[in-house]
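*Asks:* Below are the sequence and a predicted model; questions follow.
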Amino acid sequence: MHLERNSAIVADALRFSVLFDFDKSKTVVTYEKFITDVIAPQVKDSSTVIIHGHTDIIGLEEYNMILSQERANEAKSILERAIIKSGKKGVKFVIYGFGADTEMAPFGNKLPEERFYNRTVIIDLLPR
C-alpha cells in the first residue's frame with residue numbers, strides 16, 4: 001500500500017481568527033465587519049466552513065464549553081447572513097465548541113496574553 005498526502009486541498013483552504021472579549025459570546029463590531037466584508041466574500045459555492053470556538057481556562061469547564069459553542073454560533077450567524085445576502089449556494093457549516101480544552105487550544109494558557117488569544121473562534125474555509 002502506498003499513501004500519499006493530497007496537499008492541493010490544504011493549499012486552497014483559508015483560515016481566519018476572530019477574538020472575543022472576556023466572558024462574552026457576542027463579537028465586537030469590528031470583527032462582525034471583518035467576517036462580513038473579508039471572510040464571507042472568500043466563501044465559494046458548495047464549500048465547507050468549519051468553525052470552532054475556544055475559551056481560556058478561567059471559569060468552570062461546563063460554562064466554558066457552552067461559551068465556546070455560543071461564540072462559534074455567533075460567528076456562524078454573521079457569516080451565514082452575509083453568504084445568503086451574496087447569493088452563494090450549497091455552503092455547509094460544521095460547528096465545534098472546544099471550551100478550554102488545552103489539547104485543542106490555539107495557544108497556551110499560562111500567560112494573560114495566551115489566554116487573551118484563546119478567547120477566539122477559528123474559521124476554516126474549505127473548497128468543495
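*Replies:* That came through fine. Keep in mind that this is a model prediction, so the values were computed, not measured. Numbering: from 1, shown residues only.
*Asks:* in the lengthiest helix in the chain, what's buried?
*Replies:* For the chain, the helix with the greatest residue count under DSSP state H is helix 61-86. Applying a neighbour-count criterion of 16 or more other CB atoms under 10 Å, one finds 64-65, 67-76, 78-80, 82-83 buried in helix 61-86. For every residue, glycine as well, the C-beta is placed using N, CA and C.
*Asks:* cool, and stretch 88-104?
*Replies:* So for stretch 88-104, counting by 16+ other CB under 10 Å, buried means 88, 91, 97-100.
*Asks:* which residues sit against that stretch?
*Replies:* 43-59, 61, 64-73, 76, 80, 83, 105, 109, 118 (CB atoms under 8 Å, 6 or more residues apart in numbering).
*Asks:* Stretch 13-22 now?
*Replies:* 26-28, 31, 34-35, 38-39, 42, 56, 58, 71, 75, 106, 116-117, 119-127.
*Asks:* change it to 7 Å
*Replies:* Contact with stretch 13-22 is made by 27-28, 31, 34-35, 39, 42, 71, 75, 119-126, as judged by CB atoms under 7 Å, 6 or more residues apart in numbering.
*Asks:* now do the same end-to-end measure for it.
*Replies:* 29 Å (CA to CA, to the nearest Å).
*Asks:* list the buried ones in that stretch?
*Replies:* In stretch 13-22, counting by 16+ other CB under 10 Å, buried: 16, 18, 20.
*Asks:* could you dump the residues you listed to TSV with pLDDT and secondary structure?
*Replies:* Listed next are the buried residues of stretch 13-22 as TSV, based on pLDDT from 0 to 100; DSSP: H, G, I helix; E, B strand; the rest coil:
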residue	pLDDT	secondary structure
Phe16	97	strand
Val18	96	strand
Phe20	96	coil
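*Asks:* List the contacts of the nearest residue to Phe20 once chain neighbours are set aside.
*Replies:* The shortest distance from Phe20 to any non-neighbouring residue, by CB to CB, 6 or more residues apart in numbering, is to Arg119 (4.8 Å). Arg119 is in contact with 19-20, 22, 55-56, counting by CB under 7 Å, 6+ apart.
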